[in-house]
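K.L.:
sequence unavailable; structure follows:
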């Protein structure tokens, strides 16, 4: 199994370095300290398993960026938003923007690691279910096509008799 990829966006360079160091053992980590830097990374057509984004990135809002990117489906499978100002309004806005989870700072690095690994496990289960559904759909489509051909053959046979 390949190592899951993680994009972290935070304008606090020290915090970004701390998160990178704490998560690099279990994830292939790329960091950006602005949304513009994140866009440069994404211009290489990279797709991440998880994007971990601070709500306040300079004057920009991580939740607004997530909302735009979830509609495009070109950045990550899952988004996790975090903030040091975790008011009820911020949490609700974070979940409404399309984030899969919201975390309040300070974040326990051990808990964060476990939470992200669990999110990858959920992604794997969803992919497995999607593959199973696709496979069953194919079987149904093939069966219907064969039944249709059989029905046509039966009609032709009855006309000939």
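P.N.:
In hand now; what should we look at? Given the structure is predicted, the values throughout are model-derived calculations rather than measurements.
K.L.:
what pLDDT does the nearest residue to residue 27 once chain neighbours are set aside get?
P.N.:
Spatial nearest neighbour of residue 27, excluding adjacent residues (C-beta to C-beta, 6 or more residues apart in numbering): residue 6 at 4.1 Å. For glycine as for every other residue, the C-beta is placed from the backbone atoms N, C-alpha and C. Model confidence at residue 6, given as pLDDT, is 97.
K.L.:
so what's the backbone phi/psi at residue 6?
P.N.:
Main-chain torsions, residue 6, degrees, to the nearest 10: phi -140, psi 130.
K.L.:
let me see the ranges of the helices in this protein.
P.N.:
Under the criterion DSSP state H, helices of the chain are mapped to 13-23, 35-42, 62-72, 88-96, 109-160.
K.L.:
mind giving me the packing neighbours of the second one?
P.N.:
It refers to helix 35-42. strand 5-9, strand 28-32 (3 or more C-beta pairs under 8 Å, 6 or more residues apart in numbering; DSSP states H and E).
K.L.:
let's see 6 Å
P.N.:
When contacts are defined as 3 or more C-beta pairs under 6 Å, 6 or more residues apart in numbering; DSSP states H and E, helix 35-42 packs onto strand 28-32.
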